[in-house]
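Colleague: the following block contains a protein sequence and its predicted model.
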Protein chains: 2
Amino acid sequence: MSGRPAHAQDVRTYDPDRPVDPRVEALVNELIGRVADKWTLLTLEALEDNGTVRFTQLSRLVPGISQKMLTQTLRQMEREGLLTRKVHPVVPPRVDYALTPLGHSLGEAFCGVWTWAEDHLAEVEAARAAFDKRAADAL
Amino acid sequence: MSGRPAHAQDVRTYDPDRPVDPRVEALVNELIGRVADKWTLLTLEALEDNGTVRFTQLSRLVPGISQKMLTQTLRQMEREGLLTRKVHPVVPPRVDYALTPLGHSLGEAFCGVWTWAEDHLAEVEAARAAFDKRAADAL
DNA sequence: CGGAATCCTCGATGATACTG
DNA sequence: CAGTATCATCGAGGATTCCG
């Protein structure tokens, strides 16, 4: 494919020729495994859409998440620098969550995947139907 | 999460003309949940890098995958139109897997996430270390 | 070689109850 | 309100065996 000299900064198209340090690749794989988690994705989107949000709000914004998983997801994301957690010493307690610039940048990176899903949803469903029909015919 | 036209600086380049049908959104969520699977991602990458590949080759290219998960992942991806499976009627059997254009487009969509992970790996690790240190100090 | 079928385990997740 | 702690479950996924 593109055999052009890599100027590390502006490479945004996949380049299979780019050399990859296996150690880095392992770390990248692990990081993606974490970040590509279902609840992380949905929480990320909720924060992208709503800005600063409180815990209970978030539990309503992320459809189907349990309180336990929300806490766990938020802690992980905080640990990885994707969001900030601000505790207000008031009563009743108030805790605000908001994305960091790093979190926003991840949201942007995933933007392509969301739009891909929207753009190709019909195509995927057609493929599924065709596959299932073939399977049924094979019986 | 959905019907909010405010927030003019949405990082996701949203087309205001496209309505966010909750049914569509649910389908998109489900599709992403499928496609953002760890093994799917790694298999996709292996196929991007190597073109047409046989089953046993793939099992070597995708580090740590079991035969069961490879078969399962390939079937799902085939069903969703991401790859083609060609069985050669020879002895010993030979089965070739290759991405479809749809599969390649998904690979491109994920490109941004891969590069994000590479670009921000150090930042994430620093955030983790800082978080862990804060937690340790709090004890 | 490229699977399918079976068994089994363990970790992710949910439900529930309690608390500062 | 925003969690923590504990217990229960359930199914994803590994190991193994068999087959065309």
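Modeller: Structure's in. What do you need?

Colleague: make it CA atoms for all contacts and neighbour counts henceforth
Modeller: Noted.

Colleague: quick one: contacts for A:Glu67?
Modeller: Actually, residue A:67 is Gln rather than Glu. A:Ser59 (C-alpha atoms under 8 Å, 6 or more residues apart in numbering or on different chains).

Colleague: for it, give me the pLDDT.
Modeller: As summarised for this prediction, A:Gln67 has a pLDDT of 96.

Colleague: how close does it sit to chain B?
Modeller: 18 Å (C-alpha to the nearest C-alpha, to the nearest Å).

Colleague: how about A:Leu102?
Modeller: A:Leu102 is 8 Å from chain B, by C-alpha to the nearest C-alpha.

Colleague: do the same with A:Tyr97
Modeller: 15 Å.

Colleague: got it, and A:Leu139?
Modeller: For A:Leu139, the distance to chain B - C-alpha to the nearest C-alpha - is 17 Å.

Colleague: that residue: neighbour count?
Modeller: Residues contacting A:Leu139 under the criterion other C-alpha atoms under 10 Å in any protein chain shown number 5.

Colleague: same question for A:Ala135.
Modeller: Residues near A:Ala135, counting by other C-alpha under 10 Å: 10.

Colleague: likewise A:Val28?
Modeller: Using other C-alpha under 10 Å: A:Val28 sits among 21 other residues.

Colleague: and the strands in chain A?
Modeller: A:53-54, A:83-88, A:94-99 (DSSP state E).

Colleague: and the contacts of the shortest one?
Modeller: Around strand A:53-54, the neighbours that count as contacts under C-alpha under 8 Å, 6+ apart are A:Leu47, A:Arg94, A:Val95, A:Asp96, A:Tyr97, A:Ala98.

Colleague: now with 7 Å?
Modeller: If you take C-alpha atoms under 7 Å, 6 or more residues apart in numbering or on different chains as the criterion, strand A:53-54 is touched by A:Val95, A:Asp96, A:Tyr97, A:Ala98.

Colleague: including distance to B:Glu25, neighbour count and pLDDT, could those go into CSV?
Modeller: Output for those, formatted as CSV (distance: C-alpha to C-alpha, whole Å; neighbours: other C-alpha atoms under 10 Å in any protein chain shown; pLDDT from 0 to 100):
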residue, distance to B:Glu25, neighbour count, pLDDT
A:Val95, 28, 15, 98
A:Asp96, 26, 17, 98
A:Tyr97, 24, 19, 98
A:Ala98, 23, 21, 98
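
Colleague: between these, which is nearest B:Ala109?
Modeller: A:Ala98 (25.5 Å; C-alpha to C-alpha).

Colleague: kindly list the longest helix within chain A.
Modeller: helix A:101-138 (DSSP state H).

Colleague: that helix to strand A:83-88, inter-axis angle?
Modeller: Helix A:101-138 and strand A:83-88 are oriented at 120 degrees to each other (axes from the mean of the first three to the mean of the last three C-alpha atoms, to 10 degrees).

Colleague: give me every residue in chain A lying close to DNA strand D.
Modeller: A:Arg54, A:Phe55, A:Thr56, A:Gln57, A:Gln67, A:Lys68, A:Thr71, A:Pro92, A:Pro93, A:Arg94, A:Val95, A:Asp96 (C-alpha under 7 Å from any atom of the strand).

Colleague: tell me the confidence at the residue most central in space within chain A?
Modeller: The residue lying closest to the centre of chain A (C-alpha atoms, centre = their mean) is A:Leu41, at 3.6 Å. Here, the pLDDT recorded for A:Leu41 equals 93.

Colleague: with A:Glu45 instead?
Modeller: 93.

Colleague: find the residue closest to it in space, skipping its chain neighbours.
Modeller: Closest residue to A:Glu45 apart from its sequence neighbours, by C-alpha to C-alpha, 6 or more residues apart in numbering or on different chains: A:Gly107 at 7.2 Å.

Colleague: can I get the strands of chain A in a markdown table with distance to A:Ala138?
Modeller: Output for these, formatted as a markdown table (distance: least, C-alpha to C-alpha, whole Å):
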| stretch | distance to A:Ala138 |
| --- | --- |
| strand A:53-54 | 52 |
| strand A:83-88 | 50 |
| strand A:94-99 | 50 |
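
Colleague: among these, which comes closest to DNA strand C?
Modeller: Shortest distance between DNA strand C and those, using C-alpha to the nearest atom of the strand, is found for strand A:94-99: 8.6 Å.

Colleague: that closest one packs against which elements?
Modeller: If contacts are counted by 3 or more C-alpha pairs under 7 Å, 6 or more residues apart in numbering or on different chains; DSSP states H and E, strand A:94-99 sits against strand A:53-54, strand A:83-88.
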